[in-house]
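[1] This is the structure alone, sequence omitted:
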Ligand code: NDP
């Protein structure tokens, strides 16, 4: 595992640059063509998996790879390495072992193509972030970053829970979500996710962390806009003052 860590570390800079470039490519693409899963799924994207299987299979590499490399980090005893590592691990534990298993409408199709792309991203992102962590001063940026991450995590968890509560067992339809940040935006789960990785980047000050935040924005901001337009078209009574992603702004 030590030699694997050395190998990844030597490539972490170019992997982060690759993720930044991928984000720049997918951003305009996703503005034009929504990622074909959930409400935007359409036939024609090849073989599919059930949504639940897709989520577990595509996210579990993030958890396993990150934990394996973080566990052998030579500075893992430093708080500024340990705490961001713990936040990353808890986020992905939740995504793989809680979110995926509690999802409603989990039998919907999800293209294998997007799953394979997510696995490639997650493997590069988790390994690059694990090896790039480095001990740094316990300064205001670190503390602010951790606070932003925790606030984002709370927003993401609560918002996904609201969505889950809109369906009974076996239901697959859509309703207008209310409560929490849904009062202001259509996709507070994505806003929370972005806050998490912004906080992580501020706390860790690594290129890998900033690349992860930029990619998350490039991936989810277009999807928030598409969800918002979809809600307005589907529900004539949809609250007019609600924005897509950022209260009062976007
Ligand atoms: P969505 O908001 O599209 O859907 C989340 C879940 O809620 C799905 O099961 C969906 O069902 C259901 N749902 C959504 N809206 C409604 C509604 N109005 N009524 C009833 N049920 C609804 O989120 P994603 O699936 O895109 O993402 C899930 C999580 O993963 C989020 O927390 C997101 O932040 C995170 N994520 C992170 C990424 C990253 O780049 N870091 C990338 C993608 C996701 P259905 O599937 O049937 O539409």
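    Yep, that arrived. These numbers were taken from a predicted model, which means no experiment stands behind them. Residues are numbered from 1 along each chain as shown.

[2] contacts and neighbour counts: CA atoms only from here.
    Noted.

[3] Spell out which parts of the protein neighbour the ligand.
    38-39, 103-105, 156, 160, 163-164, 166-167, 172-177, 189-190, 193, 216, 219 (C-alpha under 6 Å from any ligand atom).

[4] Let's see which of those residues end up in helices.
    156, 160, 163-164, 189-190, 193, 216, 219 (DSSP state H).

[5] pLDDT of the helix or strand where residue 65 lies, averaged?
    Applying DSSP states H and E as the criterion places residue 65 in helix 51-71. Taken as a whole, helix 51-71 has a mean pLDDT of 97.

[6] and the next element down the chain from it?
    helix 79-93.

[7] Packing partners of that next one?
    helix 51-71, helix 140-164, helix 188-204 (3 or more C-alpha pairs under 8 Å, 6 or more residues apart in numbering; DSSP states H and E).

[8] how about the ones you listed in TSV, adding mean neighbour count?
    Formatted as TSV, the helices and strands packed on helix 79-93 follow (neighbours: other C-alpha atoms under 10 Å):
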stretch	mean neighbour count
helix 51-71	20
helix 140-164	19
helix 188-204	26
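
[9] biggest helix in this structure by residues?
    The single longest helix within the chain, with elements called by DSSP H, is helix 2-32.

[10] packing partners for that one?
    helix 112-132, helix 207-234.

[11] Surely residue 203 and residue 142 touch.
    Yes. With contact defined as C-alpha atoms under 8 Å, residue 203 reaches residue 142; the gap is 4.0 Å.

[12] Next, show the common contact partners of these two.
    residue 80 (C-alpha atoms under 8 Å, 6 or more residues apart in numbering).

[13] Could you find the residue nearest the spatial middle of this structure?
    Nearest to the centroid of the C-alpha atoms of the chain, with distances taken as C-alpha atoms, centre = their mean, sits residue 193, at 5.4 Å.

[14] In contact with it: list those residues for me.
    Contacts of residue 193 (C-alpha under 8 Å, 6+ apart): 152-153, 156, 216.

[15] what's the closest of these to residue 78?
    residue 153 (22.8 Å; C-alpha to C-alpha).

[16] Verify the contact between that closest one and residue 198 for me.
    No. Assessed by C-alpha under 8 Å, residue 153 is found out of contact with residue 198, at 11.3 Å.

[17] on that earlier part again, in CSV, list the helices and strands packed on helix 2-32 along with distance to residue 68.
    Listed next are the helices and strands packed on helix 2-32 as CSV, based on distance: least, C-alpha to C-alpha, whole Å:
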stretch, distance to residue 68
helix 112-132, 9
helix 207-234, 17
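
[18] Which of the ones you listed sits closest to residue 66?
    helix 112-132 (5.1 Å).

[19] Show me what the closest one is packed against.
    Using 3+ C-alpha pairs under 8 Å, 6+ apart, helix 112-132 sits against helix 2-32, helix 51-71, helix 207-234.
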